[in-house]
Structures are given as structure tokens and as C-alpha cells.
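Peer 1: Sharing a model that was predicted from the sequence below.
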Amino acid sequence: MKKTVTLLSLLATATVAQAAAELVFSDTTVTQNSDNTTGTYNVSVFDGKAGWSSNQYLGTGFAFGDGTVEDYALVGNGTTPYAEGSAGLITFDGSSTTGANSFKDWAAVWTSNDPGTDFVGGDAANFTTETVSQGFGFTGSIDISGFKSGTIYLFHGTFSATYTDTLNLSMTGAGQTLLNATTSISGNNHSGFITTFTFTDAEDYDQITYQYLNNDTVTSPGSAARFGGLIFDGVAIPEPSSYALLGGLLALSAVAMKRRRA
């Protein structure tokens with residue numbers, strides 16, 4: 001009996017140390033090298049088939065996570081998203097400036113239509129024109145209070161001969177250390193990008209803010225910077241009932257051990 005009580009006490013008081021939270025730049029993928037060709041890359045947030053491909057990889061799709069995303073805010077001509085998810089996790093504050101009124105038809109985007117398999121044999125895209133917005137200085141936030149980890153995909157680029165795109169992200173939580181992550185991409189051609197950031201062990205964090213900048217600050221005819229919005233895919237924090245179930249299983253294990261000793 002004494003051994004059983006000791007075991008129960010250990011099970012009740014044992015804790016697992018939580019790893020330090022991280023917010024890191026993960027990857028940047030070139031999606032196109034074109035002035036203004038509709039559908040040079042494809043994006044889907046259709047449930048079960050969320051992902052992307054480009055004409056270079058036609059017939060080969062790249063999934064966002066498990067193919068189902070948490071939320072999205074995709075912006076076209078102007079500063080208001082033309083397509084948003086229903087979860088309400090992403091805020092979009094718009095841009096501090098506008099860009100040149102051209103080169104706006106980049107991604108073909110599927111939201112409610114089925115993109116088929118790797119964007120082949122499916123329905124027509126929901127959006128094909130004005131799927132990227134002019135300008136820079138775009139800001140906003142993502143509510144991550146219900147998630148322990150996740151991935152953020154940001155769409156951006158330029159049609160300028162020379163450019164530097166910069167993305168800044170910050171993760172905050174009450175009483176937690178501020179975490180920042182940034183990346184800059186420079187080049188000398190027409191390019192679109194999907195840049196990926198990941199966060200982990202974020203149970204005590206509430207929000208990630210994002211900012212898109214470009215070094216082309218010309219006001220006339222306007223900046224060559226382009227921003228297409230973002231997609232968020234996350235892993236939810238387990239419900240309290242899950243922890244209660246775990247505790248119940250541990251208690252049952254202790255009872256079983258006691259009976260074997262009897």
C-alpha cells in the first residue's frame with residue numbers, strides 16, 4: 001500500500017518542462033518570374049486541398065500543412081482583402097502608401113471552388129485578377145491565443161528591376177518575452193514570393209503582428225512593391241478535458257498496479 005501511495009503522489013506532481021517559445025523565419029519560395037501573367041502561380045484555401053503551385057510545377061502541388069488552414073486574408077487592388085476566412089483570427093490594417101496602378105494580376109486563387117488534384121482537373125479559380133496589392137507598409141495581426149504552434153505564409157514581391165522586400169513579425173503575450181523574426185530578400189528581376197514563418201511552444205502567447213516593407217518608396221508613378229496577403233495554419237492547444245482524460249488514465253494505471261500487487 002505504501003508503494004502505491006508513493007506512485008500516485010509522483011504521478012500527481014510530475015510536470016513536463018515546457019520548451020522555450022520560438023518565432024523563426026523558415027523559408028522563401030520563388031513563385032514566379034513574370035511581369036503580369038494571371039495564374040503564373042496558384043493558391044488554394046479550399047478545405048482539404050489548401051496549397052500552392054506555379055506553372056513551373058504544374059501538376060505538382062505543395063500543401064499548406066495538412067491541406068486545411070485556420071484563416072486567411074488575401075488582398076488585391078486596394079487595402080481591403082478580397083477574400084477572408086471566417087475564423088476572424090487575422091486583422092489587416094492596410095498600407096501606408098499605394099503603388100503603381102499596374103502589374104496586379106498574379107495568383108489564381110481558389111476559395112470555395114475545388115482546385116482539383118494539384119490544380120489540375122478542378123473547377124475554375126474564384127479569383128484571377130487584381131490578386132496582389134500595390135504598395136508597401138502593410139501591417140496587421142494574427143490571434144494565436146488558441147494555438148501552441150503554427151505556420152504563417154505571406155505573399156509578396158515586386159516588378160521592379162531592383163528591390164529589397166522585408167518582412168517583420170513579432171510575437172507577444174502577457175508577461176512573456178517579446179519575440180521578433182525578420183527576413184529581407186533582394187533581387188533584380190520580376191519576382192513573387194511565398195515566405196514562411198513558424199512558431200512553436202506558444203501556449204503563453206496571444207498575438208503575432210506582421211509588417212511588409214519594400215525599399216521602393218517612389219510616390220509617382222508609385223511603388224513597385226506588391227503584397228498578396230497571408231494564410232495561417234495552426235495546431236490548437238489541447239482542451240482542458242484532454243488533460244483531465246490523461247489524469248484519469250494515469251489514475252487507472254496506478255489502480256491496476258495496486259491490484260496486481262494485492
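Peer 2: Yep, it's here.
Peer 1: and after the lowest-mean-pLDDT helix or strand in the chain, which helix or strand comes next?
Peer 2: None of the helices or strands of the chain scores lower by mean pLDDT, DSSP states H and E than helix 2-13, at a mean of 36. Where DSSP states H and E defines the elements, the next helix or strand beyond helix 2-13 is strand 22-32.
Peer 1: Walk me through which strands that next one pairs with, and which way each runs.
Peer 2: Sheet pairing for strand 22-32, assigned by DSSP bridges, gives strand 191-200 (antiparallel).
Peer 1: who are the neighbours of the helix or strand just after the partner strand, in terms of helices and strands?
Peer 2: Remark: after strand 191-200, the chain's next helix or strand is strand 207-214, criterion DSSP H and E. Other elements packing on strand 207-214 under the criterion 3 or more C-beta pairs under 8 Å, 6 or more residues apart in numbering; DSSP states H and E are strand 138-143, strand 147-158, strand 163-172, strand 225-236. Backbone N, C-alpha and C define where each C-beta goes, glycine included.
Peer 1: repeat that with 6 Å
Peer 2: strand 138-143, strand 163-172 (3 or more C-beta pairs under 6 Å, 6 or more residues apart in numbering; DSSP states H and E).
Peer 1: so for it, what's the average pLDDT?
Peer 2: Summarised as a single mean, pLDDT over strand 207-214 is 96.
Peer 1: What residues sit buried inside that strand?
Peer 2: For strand 207-214, a neighbour-count test (16 or more other C-beta atoms under 10 Å) marks 208-214 as buried.
Peer 1: For T29, give me its contacts.
Peer 2: The contact partners of T29, by C-beta atoms under 6 Å, 6 or more residues apart in numbering, come to I194.
Peer 1: Repeat the analysis, applying 10 Å as the threshold.
Peer 2: If a contact means C-beta atoms under 10 Å, 6 or more residues apart in numbering, then T29 has 41, 52, 54, 62, 153, 192-196 as its contacts.
Peer 1: Next: G192.
Peer 2: By C-beta under 10 Å, 6+ apart, the contact set of G192 is 29-34, 40-41, 54, 106-107, 132, 155-159, 226, 228.
Peer 1: Just the buried subset of these, please.
Peer 2: Buried among the contacts of G192 (16+ other C-beta under 10 Å): 30-32, 34, 40-41, 54, 106-107, 132, 155-159, 226, 228.
Peer 1: Buried residues in stretch 211-225, which are they?
Peer 2: Judged by neighbour count using 16+ other C-beta under 10 Å, the buried positions of stretch 211-225 are 211-216, 222-225.
Peer 1: that older thread, nearest to I142, out of the buried residues of strand 207-214: which one, please.
Peer 2: Of all the buried residues of strand 207-214, I142 sits closest to I208, with 4.6 Å by C-beta to C-beta.
Peer 1: Surely the closest one touches L154?
Peer 2: No: the pair I208 / L154 is not scored as a contact, 11.3 Å apart, by C-beta atoms under 10 Å.
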